[in-house]
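Enquirer: Take a look and give me a structure for this.
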Amino acid sequence: MSDLTADLRRWCDAASPYQDTRWRWRLVARAVVLEQGAWAVIAYRYRRWARTRSWPYRLLGLVVHKLVEITTGISISVKAQIGPGLFIAHFGGIVIGNGVVMGENCSLCQGVTVGSHKGTRTLGDRVFLAPGCKVFGPIIMGDDSKAGANAVVHHDVPQGNSIVNLMGGTSRS
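Expert: Numbering: from 1, shown residues only. As a prediction, the model looks like this:
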């Protein structure tokens, strides 16, 4: 199964991993037409594919990237390595920088930044980043970890743990 097919399966049931989701044409078509998060993911997958092709494909990828960036407020670096099943729930203010490595079935909300700042950010499988979350520095977020709304993640998060923002600070749970 292609990574794009896996991504689109998440639009059939966002709460489930793509492996457990049945393809539903109506929901996929709706996402492709109406959902800005789906547009950004499709553009990212096309640009990753186009990197290995001749210049007209790469040029088209650049044009599509800029159009999607302008219309959705989502910027995903072609140098990010993102596993299948990426789901972007809402549009606006989402940035995924160079060198980011993200596992399968990750979910992002609006205002999320996973920056390219002094080292690789590695997010495991099934990581959830809530609205406004910022991830920076050479950190690792383990499988099944979560970062709450407006959390600033600047240290490793063990598998299955959560980071929540409490009145300007961070805590683990």
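
Enquirer: doesn't Arg47 fall inside a strand?
Expert: No: counting by DSSP: H, G, I helix; E, B strand; the rest coil, Arg47 is not found in a strand; it is helix.

Enquirer: so is the residue lying closest to it once chain neighbours are set aside in a helix, a strand, or just coil?
Expert: Nearest non-adjacent residue to Arg47, counting by C-beta to C-beta, 6 or more residues apart in numbering: Gly61, 4.0 Å away. Using the backbone N, CA and C atoms, a C-beta is placed for each residue, glycine as well. Per three-state DSSP, the local secondary structure of Gly61 is helix.

Enquirer: residues in contact with Gly61?
Expert: By C-beta atoms under 8 Å, 6 or more residues apart in numbering, the residues touching Gly61 are Ala43, Tyr46, Arg47, Ala50, Arg51, Val78.

Enquirer: filter the residues you listed to the buried ones?
Expert: Neighbour counting with 16 or more other C-beta atoms under 10 Å marks Ala43, Tyr46, Arg47, Ala50, Val78 as buried within those.

Enquirer: Tell me how far the second one lies from Gln110.
Expert: As judged by C-beta to C-beta, to the nearest Å, Tyr46 and Gln110 stand 23 Å apart.

Enquirer: Of the buried ones among the contacts of Gly61, which is the nearest to Asn105?
Expert: Ala43 (19.7 Å; C-beta to C-beta).
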